[in-house]
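J.: Pasting a predicted model and its sequence here:
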Amino acid sequence: MTPMKGLTVFIADLRKCRSHEEEERRVNKELANIRSKFKEPNINGYNRKKYVCKLLYMSLLGYEVNFGHREAVDLINGTKYSEKQMGYLAVSLLMEEDSAYMQTVLSFLRRDLHNGIEWNTCLALSAISNICTREMAETLTSDIVVQLLSPSASMFIKKKAALCLLRLLRKFPESVKAHQWAGRVIPYLGHRDIGVTQSVVSLVTALAQQFPDETRKAASFAVRRLKSLVLDNEYAIDYVYYKVPAPWLQIKLLRLLQYYPAPESPEVRAILLNILRHIIDVSQDTPRELQQMNAQYSILFEAINLGIHLDVDQGLMQECAVVLGRFITSRETNVRYLGLETMAHLAAYIDNLDSIKSHQGVIIQSLRDRDVSVRRRALDLLYSMCDVSSAKVIVSELLRHMAIADVTLREEMALKVAILTEKFATEYSWYVDVMMRLVSLAGDHMGDEVWHRIVQVILGNEELQVYACKISLQTLRAPVCHESAFKVSAYVLGEFGHLIANASDSAPIDQLKALQSKMSSTSQAARAVALTTVGKFINLFPEIKTLCLRVLDRYRGALDAELQQRACEYYALGTLESEDLLPTVFEEMPPFPERQSALMSRLLKRESDTEDQRTWVYGGRDINRERRGLASGAANSKDGSQEGPDSAETPSTPTSAEAEAAKVPESSALPVSAAADIQAVTAKDDAGNAQQPADTMPIDESVAKSRRHYARLLWENDGILYDGDEIQVGIVAQYKPPAGRIGVFLGNKAKAPIYNISMQAISADASKLAVQPATGQESVPETLMPLAQARLFFDASCLQVFTSAPLLRITYTVAGAPTVSELQLPVTVAHFMDPVTISVSDFFTRWKQLGDAGIGESQNVLKSAFLSSDAAALEWLRSVVGGMGFALIHGADPDPNNIVGVGIATTQAGRFGCLLRVEPKPSHGLTRVTVRATNADVAQSVGSNIKMVFESR
């Protein structure tokens, strides 16, 4: 481009300005001049280009430029390269997506793509990559694909077309309809021009992450191209970089293969193994020049990553461990960094960690490296290589390093120490000691999830509770007590302080004094926990009730609303004449339900991906195998899940330990057609016609599996509702009749992101059951990455007795295909049942009255062969009746095996009594279930629910 004198003079004038005001006056003067010039009818192309250049320069300086768009579009329509180049540049920088001129730009772009002039086509491809609007992705993708696949297009155009498609795919994956053309670009991995291959392999790598089925043939092309480069030495001399042939292409091909499983063909596996061995052998010779070393080592590390991913040969992996041991002691910071990262990848898959443990001292020493990125990789490696035998050493070293660790590392280090301690603890005392020390050392650098998790573990393990109480009391008596440690100690003493109350130095008054000694120096949130503990002391220790009330009375006038409310309510409970309510409110917390550790969820969220998705995560062999199993559709059922971070299920469950949460377990099921009592997921095409997906199990089995999930939620408040190939839906519910809150958790099990997500709960009769999204919650994200989870809560209000359950409609787009999924929410009038306790005589009097009135009765004789074979079946029946909101009346029936329950179905329109009698006959394999209620629909609803529960067992 020839220099423009007017532009040069203008830039020189601006540089001479001594103040911002002087510069602004010069800019305003020039803007006025340009406006007047643009109004001239016969402005030539040179002047138009010059003035648009001035506008661009002023825009880059930060001044607002809101005109000149038409002139920029006119430049695009020009015939000279310099004018067209400046026009596309101005449109990229100055024009908004909703500009009125955008349609004209689109037409010019399509024209330049097909006009046969190379530089015009290249300018158009560059402009599309820079502007990159959704409309361009929808309308021009097919034209760009034509340029890539055209035999007459030059190599330069093909490279630009591939990179342009990559840009559009990354920004608007649902708009480019990549599944329609992905398979056609794969043969270009074998193109004779290495530059074209290098551009196409970047595009195919992005496609492989979202459309693995459409691009499965890419693995064989990549292996053949690697063989020609590495083993056959077939390459142009122009692509040799310091004696290394096409290093960037080798790296990209090795990375592409990591998105596919190991090849099934023995011949291809042998070729791939030879390639990896050749790369490792070549790396044994130390390069003389730095550039050659960087190229060789980059290929080597990617080859090791591929070998780990494919797991083709354990002997090769042990050899890789030896090579990596040499790299982590290198003087070069970059080499140490890559060595530690790759060794962490190796630890995530290798069966025998002895070869890595031999370098444990060097890895621990790397925690003190001068480079923070190396220290972070050392932490990741220690976390991945830890097992039962090395846990105490690694955890103690991390705790010792915590005090001097970089501030940016402390939170991550604390999370990993907490996870490792829980995962590999073999002694209860060691777990409590480490966790209390951890919250004392790093409490300022970690969230509430850590102390929440400590409480969860202690509540779920009776063997821990006495020792935890002793340590908690010692912590409160220490001169310095961190706030997180104070919260744990206060909570534990409030729950289990009575277990140590008989000890000489742990009397109730001693516990209260220790708690009071630290309350004044803590935050409002910590004092709130402490006030709850004081309230529980009133229930646990009546002998110190007066002292506890004195503490609560002091906070009844607190300025903080939360503290004031707690103090007033607890004080009122403690001063009631009746003592029946106090034990009920302050009864001991039950163990938390089994679910994924919130610490693991928090840690996985911290793993930040680049444009390419990771094929592994830090954390050792178990979590990566589970992650790989989930990606292939294999999962565990809820009953088989285990507590702890090493058994974390994905998509992850909600992370707050005190917030409402539901475990969303995994199972293998696919969308099925509608069943009798539950509408399962049905995929629909754009025209609304039902499509039958390709199932991996018979339809009858899928229906039965979905019915079991639904039936379980009729008497349990949390669990899985639906589990398919693409999505997983979990439910958590809490009812306080006549209201309820239902949480819906949507997990992405597909290998590609899902977009345009919408979740709606639709009541069959809004005049009887109102269901609407809860207020004050975050909206559902528009995009859900693989293994991620979204949640949405709905508020339900039972206005009148209703007979039809609401519908949950989930819409989303995956791999460019819109999908509508419909599920029946497990919400019936029986869910709005309050348990009521009455005497035995009152029960049978009422039972007879309802029978004589004939208002509402449901009776079913159900097959129950499991009663004779399962010793715990009767207890299961009692759990079902209690879970459905009935109070069990023990001793009411002459037959001790019979179950009698009483409840009241509560609606806004009224309350309806309901009596239940279950008469199991194990010898006959039958059970008679009789329900009588003051409303016929209530009786039928309860009877139908129990019938479904029996049939699904």
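T.: Sure thing, it's come through. Everything numeric here is computed off the predicted structure, so don't read it as measured data.
J.: Check what pLDDT residue 808 gets.
T.: The score at residue 808 is 91. That number is its pLDDT.
J.: so what's it up against?
T.: Contacts were defined as C-beta atoms under 8 Å, 6 or more residues apart in numbering; by that measure residue 808 touches 721, 729, 744, 759-762, 822-825. (Each C-beta comes from the backbone N, C-alpha and C, glycine too.)
J.: Got phi/psi on it?
T.: With angles defined as degrees, to the nearest 10, residue 808 sits at phi -100, psi 110.
J.: ok, the residue lying closest to residue 581 once chain neighbours are set aside - how many residues close by?
T.: Setting aside the residues directly before and after it, residue 581 is nearest to residue 573 in space (C-beta to C-beta, 6 or more residues apart in numbering), at 6.5 Å. Residue 573 sits with 18 neighbouring residues when counted by other C-beta atoms under 10 Å.
J.: for residue 281, same thing?
T.: Residue 281 has 10 neighbouring residues, counting by other C-beta under 10 Å.
J.: That one falls within a strand, correct?
T.: No. Under DSSP: H, G, I helix; E, B strand; the rest coil, residue 281 sits outside any strand and is assigned helix.
J.: Spatially, what comes nearest to residue 318 if we skip its sequence neighbours?
T.: In space, residue 318 comes closest to residue 355 once its chain neighbours are excluded; the distance is 5.4 Å by C-beta to C-beta, 6+ apart.
J.: and the helix or strand hosting the one you found, what's its mean pLDDT?
T.: Residue 355 belongs to helix 354-357 when elements are defined using DSSP states H and E. For helix 354-357, mean pLDDT rounds to 85.
J.: Give the next helix or strand downstream of it.
T.: With elements assigned by DSSP H and E, the helix or strand that comes after helix 354-357 is helix 360-365.
J.: sorry, back to before: and the helix or strand containing the residue nearest to residue 581, how far out from the chain's middle?
T.: Under the criterion DSSP H and E, the helix or strand holding residue 573 is helix 561-574. Averaging C-alpha coordinates over helix 561-574 and over its chain gives two centres that are 37 Å apart (C-alpha atoms, centre = their mean, to the nearest Å).
J.: so which helix or strand takes in the residue nearest to residue 43 when sequence neighbours are not counted?
T.: Once its chain neighbours are removed from consideration, residue 43 has its nearest residue in residue 37; the separation is 6.3 Å (C-beta to C-beta, 6+ apart). In this structure, residue 37 sits in helix 20-38 according to DSSP H and E.
J.: For residue 504, give me phi and psi.
T.: Taking degrees, to the nearest 10, you get phi -60, psi -40 for the backbone angles of residue 504.
J.: Look up how far residue 510 lies from it.
T.: When C-beta to C-beta, to the nearest Å is applied, the distance between residue 504 and residue 510 equals 9 Å.
J.: Just the buried residues of the next helix or strand after the helix holding residue 573, please?
T.: Once the chain leaves helix 561-574, the next helix or strand it forms, by DSSP H and E, is helix 581-585. Across helix 581-585, burial judged by 16 or more other C-beta atoms under 10 Å covers residue 582.
J.: tell me the mean pLDDT over stretch 706-726?
T.: Mean pLDDT, stretch 706-726: 86.
J.: how long is that stretch end to end?
T.: Looking at stretch 706-726, the gap from its leading to its trailing residue is 15 Å under the measure C-alpha to C-alpha, to the nearest Å.
J.: And for stretch 260-271?
T.: 16 Å.
J.: Pull out the buried positions in that stretch.
T.: By neighbour count with 16+ other C-beta under 10 Å, stretch 260-271 contains the buried residues 260, 263, 268-269, 271.
J.: about what we covered before: what helices or strands is the helix or strand following the helix holding residue 37 leaning on?
T.: In the C-terminal direction, the helix or strand that comes right after helix 20-38 (DSSP H and E) is helix 45-60. If contacts are counted by 3 or more C-beta pairs under 8 Å, 6 or more residues apart in numbering; DSSP states H and E, helix 45-60 sits against helix 5-16, helix 20-38, helix 69-76, helix 81-94.
J.: of the ones you listed, which approaches residue 843 most closely?
T.: Taking C-beta to C-beta, helix 81-94 is the member of the helices and strands packed on helix 45-60 nearest to residue 843, at 79.3 Å.
J.: so what's residue 330 closest to, chain neighbours aside?
T.: For residue 330, the spatially nearest residue (C-beta to C-beta, 6+ apart) is residue 336, at 5.4 Å.
J.: Just list the residues touching that neighbour, thanks.
T.: Listed by C-beta under 8 Å, 6+ apart, the contact partners of residue 336 are 327-330, 366, 369, 374.
J.: Local confidence estimate at it?
T.: The per-residue confidence score, pLDDT, reads 90 for residue 336.
J.: quick check, it in a helix?
T.: Yes. Residue state for residue 336 (three-state DSSP) corresponds to a helix.
J.: For residue 522, see how far away it is.
T.: Looking at residue 336 against residue 522, where the rule is C-beta to C-beta, the gap reads 43 Å.
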